Structure formats: structure tokens, C-alpha cells
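Engineer: below are the sequence and a predicted model; questions follow.
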Amino acid sequence: MEETKTELIKRRKTKNFKIGPVGIGHEFPVSIQSMTNTDTRDIDATLKQIRKLAEEGCEIIRVAVPDQEAAEALSSIVGSSPLPVVADIHFDYKLALTAIKNGVQGLRINPGNIGAQWKVREVVKAALDKKTPIRIGVNSGSLEKSILDKYGGVTPEAMVESALKHVDILEKQGFSLIKVSLKASLVPLMIEAYRLFAQKTDYPLHLGVTEAGLVNQGTIKSAVGIGTLLAEGIGDTIRVSLTGDPLPEIKVAREILKTLGLRKQGVEIISCPTCGRCRIDLAKIAAQVEERTRDLPMPLKIAVMGCAVNGPGEAREADLGIAGGDGEGIIFVKGVVKRKVPEDMLVQALWEEIAEISEKGEKE
Ligand code: SF4
């Protein structure tokens, strides 16, 4: 494992603004979003889910606003939500106006779908007055017919043209608090659409693979799609879309950001794949370390390596770690061996070293 001293990912320069307290754009960390799947009219259930997502590490929450009752419920939801709330609205300008009036910190609406010009003007004027950012959300499954005809179907260029049309409508009214998403369930399509759009504007981008699927497939699709773009410096907020309970989305999103070194909170475990040199039950130990350190807030790289010959060397980037021997193992901190303990004491011994690091405040 190579030690690196430089920032490898250079974020694309974007406009910067805030959604509630959360900064959006290259001057701020890439943020994690999710969406409630409760009935927004059920205020208690929606707030309960938002709180759980916030505890897990979600930073911006989107709620569906399908009707006026849901738009009215936003007043209570926004008032009690620990996270800034983005109202997800399709077509109906009245819902957008009610959402803005009720204090949402962001809107997701495509201005080209609102209809009459005067309706668009009213929504944009209200958003301007309250400085409410708008996300334009282009989805490969719902492109305008004229664009589909022009490009002969769904292409990255078609998605970008659709997004630019919506952007143009907002810009003509002097509105620039814009972020854009170009989601598709086909990963190469969404990657190329985002790349193309990123070359043409400096608006921040919200990344996502839509209809990614259940946890296993959705995690991989999102990691590849979102991860590829983030590695190229493209993307300012992300949402991992998984079918079902939204809570696992946050864990996956955090792992993607941690993997790329874009967010550093929490523990990252580096564990070796094991080979013929390994004489301890490494998979069990790694699982125990993961379980034990799951809720640690401090940024810490922990190595769990199968052997002492190569382990500490291979894991020199780690803050501390375990390297196995025959029925025993060593605990090393910053590459230096601290203790040798029996196999069944390794996790506890590691935990004691973590407590010591935590107490000393050696980590920022
Ligand atoms: Fe094999 Fe040791 Fe490397 Fe693990 S750390 S893969 S056991 S050589």
C-alpha cells in the first residue's frame, strides 16, 4: 500500500451556495443526501425517518410533495427537521409556491415542466426572494419527446441538452442557485452525461444512479457510477438510491466518499485478503473490529492483516492495526509494534489502543 502525501482528486470548480447550513460546490465537502419514503402528509413518520437518517450521517433530505396537503405538512417538517429539506415537486407550480412559503431550503423541480411562462416566473421569483436553490433533475427515463426525436433516443447529449434547456429558463430570470442531476439507471450513460455537462457549465452537480436496485446491486452500481465521477473531481452532492429502507443508502454513500478520501469522518478498515501465510481467523477478527468501531466518530484507519511479516508494512498508511501470527498477533500503532497478544485478545487489545489514541487526542 503506497503512502500518499498529496490530494489526488481535484474537485471541478463550481458555483458555491448553501442549502440550509450545508455548503454545495467545490469549496465544501461532497455532501450526502437521501429521500424519505414515508407519506409526507404523515408528519410524525416523516420526521422520525429524517432523524434516523440524520443520525446515520445524511446531510440533506428530500421529501416528495405530491399534493397540497403534503406541501402544507412541510411547514411542520421543516420546523422540526434536523436536516435541510428539499421539496421534490413535479409540474405543479402551486405546490412549489407553498413549499417555498413553508421554508424549504431547496426545491427539486424542472422549470420546463411547470407549463405556462407566468407560472414559471412566479416560482422563480419566490425562490429568488427566499434564496431557495433549485435542483434541475434530468432523468433518462423522462426526456422531452422533441429531444428524443432529435437524438434518436436517450443519449448523454440528449440528457445534457434537456438539462441546459431547464437551466436556460432559470438563467433568463437571473436565477443561478442551480444544481443539476443527470440520472440514469445505465451507469455508462449517466457517467458520460455528467462528464459532458460538467464541461459546459460551472453549476454544482448532484450525482446519482437512478433505480439502482436492491442493496447488493444498487451498492455496486452506485459505487461505480458515482465513484467514477467523484474520482474525476465531478460531483458536489450524492445520493445512493436503493430500493426499500433509505438508511443503508447513507452507509454506502459514506463508504464511497471515504474510499475516495473525500470525507474523513469515521473508521476505515483496511483488511488483507489473506493468503497461505495467515494463521488466524482474520475474517472473524475483521468483522469484530468493524462491529466494535462502527460508531467511532474520529477519522481512523485501522488495518487488520493476516501476518506480521508483510502486514504492518503493507498497512503503513494505517493509524494502527492488528497483524496475525500463529494463534497470536501483534498490535501496531503508526507502524511500530506495541504489544503481542493471544488471538482471542486481539480485538480487545486494539480497542484499548484506540481508547488511548482517543484520550490523547492524537487524531484531529
Ligand atoms: Fe498474506 Fe500476510 Fe499479505 Fe495477508 S498480510 S495477504 S496474510 S502476506
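Structural biologist: The structure has been received and is ready for your questions.

Engineer: okay, now the unreliable bits of this protein?
Structural biologist: Where the chain drops to pLDDT under 70, the residues are 1-6, 311-312, 362-364.

Engineer: for this structure, what lies in contact range of the ligand?
Structural biologist: Proximity of the chain to the ligand (C-beta under 6 Å from any ligand atom) is limited to residues 272-275, 277-278, 305-307, 310-311, 314. Placement of C-beta: from N, CA and C, glycine included.

Engineer: just the closest residue of the stretch 201-350 of the chain to the ligand, please.
Structural biologist: At 2.6 Å from the ligand, G306 is the closest residue in the stretch 201-350 of the chain, using C-beta to the nearest ligand atom.

Engineer: need the contact list for that residue.
Structural biologist: 272, 274-275, 277-280, 282, 323-324 (C-beta atoms under 8 Å, 6 or more residues apart in numbering).

Engineer: narrow these to those in strands?
Structural biologist: Members of the contacts of G306 lying in strands (criterion: DSSP state E): 323-324.

Engineer: quick one, which of the contacts of G306 are buried?
Structural biologist: 272, 274, 278-280, 282, 323-324 (16 or more other C-beta atoms under 10 Å).

Engineer: distance to R11 added to those residues, as CSV?
Structural biologist: Formatted as CSV, the buried ones among the contacts of G306 follow (distance: C-beta to C-beta, whole Å):
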residue, distance to R11
C272, 31
T274, 36
C278, 39
R279, 44
I280, 41
L282, 36
A323, 35
G324, 39
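
Engineer: just those residues: which are in helices?
Structural biologist: The helices, defined by DSSP state H, take in L282 from the buried ones among the contacts of G306.

Engineer: show me what counts as buried in stretch 77-95.
Structural biologist: Buried residues in stretch 77-95 (16+ other C-beta under 10 Å): 77-78, 81, 83-90, 92-93, 95.

Engineer: now the helices for this structure?
Structural biologist: Assigned by DSSP H, the helices in the chain fall at 43-56, 68-80, 93-101, 117-130, 145-151, 156-171, 187-200, 215-231, 247-259, 282-293, 311-314, 346-360.

Engineer: mind putting the ones you listed into a markdown table with distance to I330?
Structural biologist: Putting these into a markdown table (distance: least, C-beta to C-beta, whole Å) gives the following:
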| stretch | distance to I330 |
| --- | --- |
| helix 43-56 | 34 |
| helix 68-80 | 50 |
| helix 93-101 | 57 |
| helix 117-130 | 59 |
| helix 145-151 | 60 |
| helix 156-171 | 51 |
| helix 187-200 | 42 |
| helix 215-231 | 32 |
| helix 247-259 | 26 |
| helix 282-293 | 13 |
| helix 311-314 | 8 |
| helix 346-360 | 9 |
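
Engineer: deepest of these, which one?
Structural biologist: Per residue and on average, the most neighbours among those fall to helix 93-101, with a mean of 22 (mean count of other C-beta atoms under 10 Å).

Engineer: and the contacts of stretch 95-102?
Structural biologist: 65, 67-68, 70-72, 74-75, 78, 87, 89, 107, 109, 114, 122-123, 126-127, 130, 132.

Engineer: and that stretch, how far out from the chain's middle?
Structural biologist: Between the centre of stretch 95-102 and the centre of its host chain there is 26 Å, according to C-alpha atoms, centre = their mean, to the nearest Å.

Engineer: cool, and stretch 297-317?
Structural biologist: Mean-position distance between stretch 297-317 and its chain equals 26 Å (C-alpha atoms, centre = their mean).

Engineer: could you pull out the buried residues of that stretch?
Structural biologist: Those would be 298, 300-308, 311-312, 314-315, for stretch 297-317 by 16+ other C-beta under 10 Å.

Engineer: need the max-distance pair from the residues you listed.
Structural biologist: M298 and C307 (27.5 Å; C-beta to C-beta).

Engineer: export the contacts of G306 to CSV and tack on distance to R12?
Structural biologist: Output for the contacts of G306, formatted as CSV (distance: C-beta to C-beta, whole Å):
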residue, distance to R12
C272, 34
T274, 39
C275, 40
R277, 43
C278, 42
R279, 47
I280, 44
L282, 39
A323, 40
G324, 42
